[in-house]
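Trainee: Next one to model:
(chains A and B)
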Amino acid sequence: MQPSTRTFTANARQALGDRNLQAALAGLPTGLVAQRAAARARLPEFEQLRDIGRDIRNHTLEHLDQYLEIYERNAIAAGAKVHWAKGSADARDVILRICRDANARVVTKGKSMVSEEIGLNKHLEAAGLEVVETDLGEYILQIRDEAPSHIVAPVIHLTQAQVEEDFRRQHKDLAPERRLEEPAELVDEARQILRRKFLTADVGITGANFLISETGSSIIVTNEGNGDLTQSLARVHIVIATIDKVVPTLEDVSVLLRLLARSATGQDLTAYTTFSTGPRRPGDPDGPEAYHVVLLDNGRSELLASEFREVLRCIRCAACMNHCPVYGAVGGHAYGWVYPGPIGAVLTPGLIGIGHAASLPNASTFCGKCQAVCPMHIPLPGLMRKWREAEFDQKLTSWQARAALKVWGIFASRPRLYHFATGLAAKALRVFAGKRGAFRSLPAAGGWTQYRDLPAPQGRTFQEVWNERKEGAS
Amino acid sequence: MSRDEILGKVRSAMGTTASPAERRQLAEARIAAPPRVPPIGRVSVPEAELPAVFKSEMTRQLAHVVEAGNSLPQAIAAYLEDAGLPPVLRCGDDPRLARLPWHEAPNLTLNNGPARGDDPIGLSHALAGIAETGTLAMLSGADNPVTLCFLPDTHIVIVRRSDIVGSYEDAHARLRRHLGAGRMPRTLNLISGPSRTADIGGKIVIGAHGPRRMCVIIDGTEGENRGA
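Mentor: Numbers count the residues shown, from 1 in each chain, chains lettered A, B, ... in the order given. All right, here's what the predicted structure looks like:
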C-alpha cells in the first residue's frame, strides 16, 4: 500500500471537516469503548491475564527463532507447505505462484491487515485473478476502492447511508426499488452475493491472529464466518502471517484470546475462533486439499533487534485507537498507511521508515490512554517519544522547530537566565493585557486565541512563591 | 535462501549467549509443560454446576439452548417445529449421531455428507462445551464435515452434559486425550453463537455469512444413546 503518511497534517484537517466521518466516529465512546469496559468488568481476572499475556509475548520474542522453527516443523508434519518471505514483493510472488500452480481464477479473502501491508489484491488482480474480499467491511471497501480505516472495524468511517449508496451503485442486476433501509437488509444482500463467490472460489486466503508452535496451527478469529467459508470451500488455503504471530502452546493462545476479543469489541470471545492445521485429512469430505503458510518478515526482524521490540507484542485488538483522542477526531485514513492510531504511530515508522512517517509519533497528546488500555502493556507513548528523538537525530524535524528548541535549550540549561526571562515575560504580559487580564489575540498564539482568550499571568511567578514557602517552612 | 536469512536475523536479534541447543531445550520443555494459568472464577465451581454456567453464557452468545433429558431426536424435531424450520438435516458420518433413536421423530429427514449451499440445517456433535464463554469445541472430519458449521442457515449442535468443561484449557486437555498431544484435526472450531457482524453503523446483525441461528442441545440422556 502506498503511504500518504507525509501529509498527515493536511489529511487530519480534511478529516476534521468531513461530516460523514465525524458522524461515524462520534459512536466510538458509547460503542467499542463502553463495550470493552463492560467486558473487562465481567472478568475479574482481566488485569492478571494482561500481565501473563505480556510475559507470554516477551518470552516468545526472546526465543522467537526457536518457536518459529518448532512451528515450522509441526506445520510441515501436519501437511502444510511453509514459505518464507523477506519482504512484500517476495510474499506477493509466492502467493501468485501458488494461485497459478492451482490454476486459480477466483480468489476469496478473509480480512488480513498483512495483505493490505503488502498490497496483495492489486498484484493478484494485475495477474488476471478475480479477488473477492469476503469480510463485509472489507467487501464494502473493495467496491469503494478504499483502504480500511481501522484494524478491527474496517469501515468505521462510513455511515449506513453511504453503504446503501455503494450497494445500489455496485449491484446493478438487483431490483432498484428493493428495500435497503435496515443494516440487516444490507448484510443480507452482501451475504447472497458473497455466498456465490465462496462456492466458486479456487483459492482462499486468510491472515492469522496467531500461529501455534506446539501444533503447527494457524488461528483466525472472526464473527461473520467468512474466514471459515474462505478456507473451507476453496481447494487451496493460503495463510499470510508475519513472524511475530507465533506463540508456544494452546494454553498461551487461550490467555491471549481472553484478552483479544474483550479489548477489541467487548465480546467475551468472537463467534468463531478457528484453529487450522494442514490440509484436509484422508477421509475428510471437505476442507482444502492444500494448505500453505507464508511467513513474512517485512521489517519485524529489524524491530526485534531495535529499541522498539515491545511493539511486536501487539495482538491487533485496536483498543489503543478506540480510546485515542487523536484517532477519535481524525479517524484512520489520516494516518496514511495500514495501521492507524497509536499502534500505527509506533509501527508505521518502523516498517516504512521514520523519514516517511515522522508526523505520526507527533500525532499524540501523550494522554497515555493507549498504554492504559493496551492488553499487552505496550508503552506506546514512550515508544512514540523514541521515534521523536530519532526524528530529531536524523534532522527530519522542521528548521523552525529545531531553532525554537535551540533557543529554549539556551534558557532551560541556565536557571538564572530562565527565571529572569520568564519573570520579565510574565510582567510584560500582565502590563499589555491591561484591565481585562487576558488577550483576545496574540502573535504566534493564534492556535489558542482563535477559540478562547489567553489569560495573562497573575501575581508572582511559581518560582517566587515556591522560594518564599521554602523559606517560611525552614 | 529467505528462510535462513530471516531466521539468522531473528537469531542475531536475540542478544543471548546461550547455545541454540540450550534454547531449543528450554522452548521444547515449555511446550511440554506450559505454565498454569490462574483459574477463571466464573467456572471455578463444582463440576455439577458447569452446565448451568454453560447454558447461561451460551444464551448470552445468542444461541438457543435446550436441555434434553429424554429423546434427542424429539428435542430436535420440537425445536425445528417451534422455529418454523423444515425438518431436513444434514450431518456427518458420526456414530454418536447414528446411534440416536431417530424412529422417535419420524418426520425428520437426515442427509449425510458435507454441507451444500442450500442445506437449511446442519447437525453436529461437539467434542466439548466450554462454560467460560459459552463456546463449543468442534472437530472437523468425516463425522463432522467443517462446512456443516458454516453453510446451513441453522446449526444444531449436540453436546453431552458430561462433556461440558470449565475453561479453554480444560477443552484442550480433552482434545489432547482424544487425539494425542500436539495433534489437531484439520480444523478445531471454537464456536460461540451464530454468525454476526457490526460492520454497518456499529449495529449487530445476526447471520452475516454463517448460520443465522444456533441451537445447542445439552444431552442429558443416559444409557444406550451414549456413544463411545
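Trainee: Every contact and neighbour count from this point should use C-alpha atoms.
Mentor: Noted.
Trainee: Please list all residues in contact with residue A:128.
Mentor: residue A:105 (CA atoms under 8 Å, 6 or more residues apart in numbering or on different chains).
Trainee: ranges for the strands of the chain?
Mentor: If you meant another chain, say so; for now it's chain A. A:81-85, A:106-109, A:130-133, A:203-206, A:210-212, A:217-222, A:236-242, A:246-247, A:272-276, A:290-296, A:438-439, A:454-455 (DSSP state E).
Trainee: Correction: the question concerned chain B.
Mentor: For chain B, the strands defined by DSSP E cover B:64-68, B:88-91, B:109-112, B:121-125, B:128-130, B:135-139, B:154-160, B:164-165, B:187-191, B:196-197, B:205-206, B:213-219.
Trainee: Compile those strands into CSV and extend it with columns for distance to chain A and mean pLDDT.
Mentor: Formatted as CSV, the strands of chain B follow (distance: least, CA to the nearest CA, whole Å; pLDDT from 0 to 100):
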stretch, distance to chain A, mean pLDDT
strand B:64-68, 14, 97
strand B:88-91, 12, 98
strand B:109-112, 11, 97
strand B:121-125, 14, 98
strand B:128-130, 11, 98
strand B:135-139, 8, 98
strand B:154-160, 13, 98
strand B:164-165, 14, 98
strand B:187-191, 5, 98
strand B:196-197, 5, 96
strand B:205-206, 6, 96
strand B:213-219, 11, 98
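Trainee: now, of these, which is deepest in the fold?
Mentor: strand B:128-130 (a mean of 30; mean count of other CA atoms under 10 Å in any protein chain shown).
Trainee: what are the pairing partners of that strand, and which direction each?
Mentor: strand B:135-139 (antiparallel), strand B:164-165 (parallel) (DSSP bridges).
Trainee: want to throw these into TSV with distance to residue B:84?
Mentor: Shown next, in TSV, are those (distance: least, CA to CA, whole Å):
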stretch	distance to residue B:84
strand B:135-139	25
strand B:164-165	29
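Trainee: got the contact list for the residue nearest to residue B:74 when sequence neighbours are not counted?
Mentor: Spatially, and ignoring its direct neighbours in sequence, residue B:74 is nearest to residue B:105 (5.3 Å; CA to CA, 6 or more residues apart in numbering or on different chains). Applying CA under 8 Å, 6+ apart to residue B:105 gives the contacts B:73-74, B:77.
Trainee: Ok, residue A:75 next?
Mentor: A:81-82, A:215-217, A:277-278.
Trainee: mind checking how far residue A:229 is from residue A:386?
Mentor: The gap separating residue A:229 from residue A:386 is 43 Å, by CA to CA, to the nearest Å.
Trainee: how close does the residue nearest to residue B:74 sit to residue B:123?
Mentor: 15 Å.
Trainee: ok, now residue A:457?
Mentor: From residue A:457 across to residue B:123, the span is 75 Å (CA to CA).
Trainee: What are the structural domain limits within chain B?
Mentor: Using automatic domain parsing, the domain parsing of chain B gives B:1-33, B:48-225.
Trainee: So which of those is the most surrounded?
Mentor: Greatest average neighbour count among these goes to domain B:48-225 (a mean of 20), per mean count of other CA under 10 Å.
Trainee: excluding its backbone neighbours, what's nearest the one residue sitting closest to the centre of chain B?
Mentor: Centroid-nearest residue in chain B, with CA atoms, centre = their mean: residue B:137, separated by 2.2 Å. Distances taken as CA to CA, 6+ apart place residue B:190 nearest to residue B:137, at 4.7 Å, with adjacent residues excluded.
Trainee: got it, and residue A:15?
Mentor: Residue nearest to residue A:15 in three dimensions, not counting chain neighbours: residue A:330, with 5.2 Å by CA to CA, 6+ apart.
Trainee: I figured that neighbour was touching residue A:9, is that so?
Mentor: No: using CA atoms under 8 Å, residue A:330 makes no contact with residue A:9, being 10.2 Å away.
Trainee: Which one of these two is surrounded by more residues?
Mentor: A direct count of neighbours by other CA atoms under 10 Å in any protein chain shown for residue A:330 and residue A:9 places residue A:330 higher, at 24 against 15.
Trainee: Could you check how far that one is from residue A:13?
Mentor: Taking CA to CA as the measure, residue A:330 falls 8 Å from residue A:13.
Trainee: ditto for residue A:233
Mentor: Counting by CA to CA, the gap from residue A:233 to residue A:13 is 44 Å.
Trainee: out of those two, which sits in the more crowded spot?
Mentor: A count of neighbours by other CA under 10 Å puts residue A:233 above the other of residue A:233 and residue A:13, at 25 against 13.
Trainee: Spit out the contact partners of residue A:443.
Mentor: Contacts of residue A:443 (CA under 8 Å, 6+ apart): none.
Trainee: Give the residue spans of chain A that score low on pLDDT.
Mentor: Scanning chain A for pLDDT under 70 picks out the ranges A:474.
Trainee: And the spatially most central residue of it, its phi and psi?
Mentor: In chain A, the residue lying closest to the centroid (CA atoms, centre = their mean) is residue A:339, at 3.7 Å. Phi and psi for residue A:339, reported as degrees, to the nearest 10, are phi -110, psi 110.
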